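S.K.: next input, structure requested:
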Amino acid sequence: MSGNDVNSDLFGLFGFPLGHSHSPTLFKGFFQTYKLQAEYQLRPEKTAENWKMWAKEFPNLLGFNVTIPHKVSILPGLQLSPEAKAIGAVNCVAVHRDDHSIWGIGYNTDAIGFWTDLQAWMPKKPKNALILGNGGSAHAVSYALTQNQIPNLQVGRIRRNASDLLWHELQADFLRQFDLIVQSTPLGMWPNIEEQPPIQVDWLLPQHFVYDLIYNPSPSRFLAQAAARGAQVRDGSGMLYQQALASLHIWKPELKSESANRL
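M.R.: The predicted structure is shown next:
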């Protein structure tokens, strides 16, 4: 299928670049499980507003996931769900139409995807967390932690919020205060696998739980080095699965009741 089969539902991934994505394989598995006649299409676009061109081109497009660099830049063209508005970033859009117009409702399933996978991994609730990065993905992680009463701080190149830290402000003693460290930047993602966030890896200790949202490669260079320091580590593949499943439930809500028995 090429997306223009009106007898099948079309979903996809919107962002740029998209060569790193495992989403088509993941959704193909969902479609087989639920016996859906559907396709998941990659739509590489450098401009956030171009999603409407995609929707006009394919009348069977019911929804799509959003990835870098558009999780924030796509916001002005959408209606927002409460959690997307609170987070300030979108990774899932439901496409709606009538005879005259096309509009989208933006959601954020990164938060629930992260929290669901974190609970499956950590033996107990973390006391606090340091989030490496302060972009759209970091905001979703922070929202999930804050909703569950876990204090957290974000670190980045610039202060997006008054409480944010800058990379050069990190010190070894400061890092020891946290039991959970979440790497939310794209640094180290395929194909730029030699990159990593500007943090001293030798500051990491066996007491740390280090979660990297990157799933390709697995492990990332940063995660491999954290593991070598004795830290407990987790890549982003579980979060990817959970946020994708939550997206599918938004696009096809009738499937949600089937998940417990079929997935």
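S.K.: setting the sequence-adjacent residues aside, check what's closest to Leu61.
M.R.: Leu10 (4.6 Å; CB to CB, 6 or more residues apart in numbering). For every residue, glycine as well, the C-beta is placed using N, CA and C.
S.K.: surely that neighbour is in contact with Arg43?
M.R.: No - using CB atoms under 8 Å, Leu10 is not in contact with Arg43; the gap is 10.1 Å.
S.K.: those two: which has the busier surroundings?
M.R.: Ranked by neighbour count (other CB atoms under 10 Å), Leu10 and Arg43 place Leu10 first, with 24 against 20.
S.K.: what average pLDDT does the helix or strand containing the more buried one get?
M.R.: Applying DSSP states H and E as the criterion places Leu10 in strand 9-15. If you average the pLDDT over strand 9-15, you get 97.
S.K.: show residues contacting it.
M.R.: 3, 21, 23-24, 27, 36-45, 51, 54, 58, 60-70, 74, 93, 248, 251-252 (CB atoms under 8 Å, 6 or more residues apart in numbering).
S.K.: how about Leu223: what's its closest non-neighbour residue?
M.R.: Asp212 (4.5 Å).
S.K.: is the closest residue to Phe27 other than its chain neighbours in a bridge, and if so with what?
M.R.: Among residues not flanking Phe27 along the chain, Tyr40 sits closest, at 3.9 Å (CB to CB, 6+ apart). Counting by DSSP bridges, Tyr40 is bridged to Phe11.
S.K.: could you list the low-pLDDT ranges of the chain?
M.R.: 1-6, 258-263 (pLDDT under 70).
S.K.: do you know how far the one residue sitting closest to the centre of it is from Ile74?
M.R.: Centroid-nearest residue in the chain: Asp110, 4.4 Å away (criterion: CA atoms, centre = their mean). To Ile74, Asp110 is 14 Å away according to CB to CB, to the nearest Å.
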